[in-house]
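K.L.:
What follows is a predicted structure for the sequence shown.
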Amino acid sequence: MSAPTRCDIRGPVATITLDRPEKRNALSAEMLDSLGDDLSRMGADRSIRAIVLTHVGTTFCAGMDLSVSGAPRSRFDLAGLLRSIQELEKPVVGRVNGACLGGGVGLAAVCDISIATTESRFGFSEVRLGVAPAIISVVCLPKMRRSDASELFLTGERFDAHRAAAVGLIARVVEPGQLDQAVDEVVERLLLGGPRALAATKRLIAQVPGMDREEAFSWTRSLSESLFESPEAAEGMAAFRERRPAAWTDRAEPG
């Protein structure tokens, strides 16, 4: 049996594809382990600067695999998988053109930038199965208003991509024919950023909202000083002054 995910590398960009459409890309033990292994390898590969997470079939991810009882016996659990995406030092872009349910919503939400098509549908279906969206709430709730979370978590109703964007779970909605171009454009812009700067910015987004004001100013002051003193910043500022691309990219900035 082939692996439930595949990983394709093109230059500095890795595309990880959920590839078990006959199972609606459900998070079985095999899927969790395969996806976790791909993310670990791409995170450790210094030549990779951005990751795209996408899928085969009409379902991005149907959540946990309900064909087996109990928690999956896997090396990577869902909490660890979501945490690994948050902690990767490289931006992860979600490319969604299908249904996202339960844990699948968590996967789309935890990506740094997720773009979905108008044909995508979302749903926190857990309550209708007698459980709760517990683990994925850790990555979804910080992006949502409490009133939206209450309605969508408690009713389990399906909602479209425009509502998903409105409540903060994804970044943008496009027509299906525009999805690849939209993802490519986002990736191109990400590659204009310094690798260390992108990693630091991901930490800011994840950590500052949970700090009190004084802790946040203290931590960000230290981080800012270390970044300004780095060789990457020296190169970036020299490139700006000299009106040339920085060494980490050979592309001119998009207009």
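P.N.:
Perfect, I can see it now. Numbers count the residues shown, from 1 in each chain.
K.L.:
Which parts of the stretch 1-150 of the chain are helices?
P.N.:
Counting by DSSP state H, counting those that start in this stretch, the stretch 1-150 of the chain has helices at residues 29-44, 78-87, 103-110, 134-140, 146-155.
K.L.:
Does anything pack onto the second one? Which helices or strands?
P.N.:
If contacts are counted by 3 or more C-beta pairs under 8 Å, 6 or more residues apart in numbering; DSSP states H and E, helix 78-87 sits against helix 29-44, helix 103-110, helix 134-140, helix 195-207. For every residue, glycine as well, the C-beta is placed using N, CA and C.
K.L.:
so which of those helices gets nearest Asp180?
P.N.:
Smallest distance to Asp180 across those (C-beta to C-beta): 17.1 Å, for helix 103-110.
K.L.:
So which other helices or strands are in contact with that closest one?
P.N.:
Looks like helix 103-110 contacts strand 59-61, helix 78-87, strand 92-96, strand 121-123, helix 134-140 (3+ C-beta pairs under 8 Å, 6+ apart).
K.L.:
and if we set it to 7 Å?
P.N.:
Packing partners of helix 103-110 (3 or more C-beta pairs under 7 Å, 6 or more residues apart in numbering; DSSP states H and E): strand 59-61, helix 78-87, helix 134-140.
K.L.:
neighbouring strands for the shortest one, and are they parallel or not?
P.N.:
What it means is strand 59-61. strand 99-101 (parallel) (DSSP bridges).
K.L.:
Redo the helices of the stretch 1-150 of the chain as a markdown table? Include mean pLDDT, mean neighbour count and distance to His162.
P.N.:
Below are the helices of the stretch 1-150 of the chain laid out as a markdown table (pLDDT from 0 to 100; neighbours: other C-beta atoms under 10 Å; distance: least, C-beta to C-beta, whole Å):
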| stretch | mean pLDDT | mean neighbour count | distance to His162 |
| --- | --- | --- | --- |
| helix 29-44 | 95 | 19 | 27 |
| helix 78-87 | 94 | 18 | 24 |
| helix 103-110 | 97 | 27 | 14 |
| helix 134-140 | 96 | 19 | 17 |
| helix 146-155 | 98 | 14 | 13 |
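K.L.:
Quick one: closest of those helices to Gly177.
P.N.:
Nearest of these to Gly177, taken as C-beta to C-beta: helix 103-110 at 20.0 Å.
K.L.:
just the angle between that closest one and helix 29-44, please?
P.N.:
Taking axes from the mean of the first three to the mean of the last three C-alpha atoms, to 10 degrees, one finds helix 103-110 and helix 29-44 inclined to each other by 10 degrees.
K.L.:
Contacts made by helix 103-110 with the rest, please.
P.N.:
For helix 103-110, contacts defined as C-beta atoms under 7 Å, 6 or more residues apart in numbering pick out 27, 60-64, 78, 82, 85-86, 94, 96, 100, 114, 122, 124, 135-136, 139-140, 143, 169-170.
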